[in-house]
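Enquirer: Here is a sequence with its predicted model. Questions after.
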Amino acid sequence: MTQEIDVFAHVLLPDFYKEMLNIEPTLPQLFPFIQHPHLTDLTKRRAAWDGKTKQIISYVNVNPEDYLAPERAPLLCQAANKELVQTIRANRDMFAAGVAMIPMNNLEAAVQILEETKACDELVGVQLFTRALGKSIADPAFHAVFETCARLHLPIWLHPIFDGRKPDNNIIFSWEYELTQAMLQIVQAGLYQEFPDLKIIVHHAGAMVPFFGERIHYILPEEQVADFHKFYVDTAILGNSKALELTVNYFGIDHVLFGTDAPLGIAPSGAAQVIAEAIWKLPFSESDKQAIFSDNIEKMIGKRMR
């Protein structure tokens, strides 16, 4: 039986959420999707679990640096990461690992947390967002984060966030545009040229990139075209075998990882079944599909997670 490892599943753990609500009580109104009960209530989450898919969990995009001063944000990130580790240890059958949170308004502390993350068995990477503090994640101000991740061989999970300068953000299309723009900015900033072995997992199957692959090919310089193919991507597009086939053809079978955005996407508990069915319909070998479901992430992390 195929063992599935969901590389992009989310939580909003109770202690962290309570602290964030103390800081900003209107969060549920600002971001309605964070009200999903399975993000915080692990009893409900377990009741809806399929009993076999192991998840790599990361926090939904409620970021301390947006609400706290540089002195306080690292403390909340460290507490959130500690709660994440404790949750994984208490639910090892359901959670394979976690992805750390760092304060982007205190890069010295962020680097320290990355060092701590590398030394923690339960944490296998760090989550970054397409924008931080109003800037592109590829802005030179954040270079130290990429340098540290490259030095530590610590993978980056790239998640979209709305661009606050825009008046028409929406959860259907805007996040895909933000991901695509961030990928372009990372490439054009020369981060892959400087750090050739950098590992970045892009949410939502690489967003617009596979569909516009030929525009990338004909418009950008050759080395930047090659750098686009260095991204890793998940499968979180709510099914759609034809789109996933295009994704695999663009990035390569070894750069596509099973990810679902659980528990979000399809009520009540996410799209794992729909996405798994779409993968099984792909015109690739069973070993290729096994690579997507678990082998690729285990190779990236360097350890068995099943």
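Expert: That came through, no problem. Numbers count the residues shown, from 1 in each chain.
Enquirer: okay, which residue is most central for the chain?
Expert: What sits nearest the mean C-alpha location of the chain, by C-alpha atoms, centre = their mean, is residue 157, with 3.6 Å.
Enquirer: Would you agree residue 282 is in contact with residue 289?
Expert: Yes: here residue 282 lies in contact with residue 289, judged by C-beta atoms under 8 Å, at a distance of 6.6 Å. C-beta: built from backbone N, CA, C; applies to glycine.
Enquirer: So what's the residue count around residue 127?
Expert: A count of neighbours around residue 127, defined by other C-beta atoms under 10 Å, yields 22.
Enquirer: those strands in the chain, which residues are they?
Expert: For the chain, applying DSSP state E gives strands covering 5-11, 54-59, 95-100, 123-129, 131-132, 135-136, 156-159, 200-202, 232-234, 256-257.
Enquirer: low pLDDT regions in the stretch 1-150 of the chain?
Expert: Across the stretch 1-150 of the chain, the ranges flagged by pLDDT under 70 are 1.
Enquirer: Please identify which of the strands of the chain is closest to residue 146.
Expert: Distances from residue 146 to each of the strands of the chain were compared using C-beta to C-beta; the minimum, 7.8 Å, belongs to strand 156-159.
Enquirer: List of residues touching that closest one?
Expert: When contacts are defined by C-beta atoms under 8 Å, 6 or more residues apart in numbering, strand 156-159 is touched by residues 7-8, 58, 61, 99, 125-130, 137, 146, 149, 179, 182-183, 198-203.
Enquirer: Skip the chain neighbours and tell me the closest residue to the residue nearest to the centre of the chain.
Expert: Distances taken as C-beta to C-beta, 6 or more residues apart in numbering put residue 127 closest to residue 157, at 4.5 Å, once the chain neighbours are dropped.
Enquirer: Double-check that neighbour against residue 101; I have them as touching.
Expert: Yes: under the criterion of C-beta under 8 Å, residue 127 lies in contact with residue 101, with a separation of 6.3 Å.
Enquirer: so what sits against both of those two?
Expert: Shared between the contact lists of residue 127 and residue 101 (criterion: C-beta under 8 Å, 6+ apart) are residues 58-59.
Enquirer: what's the burial count for residue 171?
Expert: 13.
Enquirer: How many neighbouring residues does the closest residue to it other than its chain neighbours have?
Expert: Spatially, and ignoring its direct neighbours in sequence, residue 171 is nearest to residue 33 (7.1 Å; C-beta to C-beta, 6+ apart). Residue 33 has 14 neighbours, counted by other C-beta under 10 Å.
Enquirer: what sits against the residue of the chain most remote from its centre?
Expert: Most distant from the centre of the chain: residue 218, at 28.7 Å, with distances by C-alpha atoms, centre = their mean. Residues in contact with residue 218, defined by C-beta under 8 Å, 6+ apart, are absent; none qualify.
Enquirer: quick one: it and residue 246, what's the gap?
Expert: Using C-beta to C-beta, to the nearest Å, one obtains 17 Å as the distance from residue 218 to residue 246.
Enquirer: cool, residue 19 as well?
Expert: In this view, residue 19 and residue 246 are 42 Å apart by C-beta to C-beta.
Enquirer: what does residue 269 give?
Expert: Residue 269 is 27 Å from residue 246, where distance means C-beta to C-beta.
Enquirer: okay, those two: which has more neighbours?
Expert: residue 269 (21 against 17).
Enquirer: Need the nearest residue in space to that one, chain neighbours excluded.
Expert: Taking C-beta to C-beta, 6+ apart as the measure, residue 269 lies nearest to residue 48, with 3.6 Å between them; neighbours along the chain are not counted.
Enquirer: what does residue 9 give?
Expert: Take residue 9 and drop its neighbours on the chain: the residue closest to it by C-beta to C-beta, 6+ apart is residue 55, 3.7 Å away.
Enquirer: quick one: that neighbour from residue 270, how far?
Expert: Distance from residue 55 to residue 270, counting by C-beta to C-beta: 10 Å.
Enquirer: Same check on residue 245?
Expert: Between residue 245 and residue 270 the computed distance is 22 Å (C-beta to C-beta).
Enquirer: neighbour count winner among those two?
Expert: Relative neighbour count places residue 270 above the other of residue 245 and residue 270, with 28 against 17, counting by other C-beta under 10 Å.
Enquirer: That one and residue 159: what is the separation?
Expert: In this structure, residue 270 and residue 159 are 16 Å apart, going by C-beta to C-beta.
Enquirer: residue ranges for the helices of the stretch 201-306 of the chain, please.
Expert: If you assign secondary structure with DSSP state H, counting those that start in this stretch, the helices in the stretch 201-306 of the chain sit at 213-219, 222-228, 241-251, 272-280, 286-290, 296-301.
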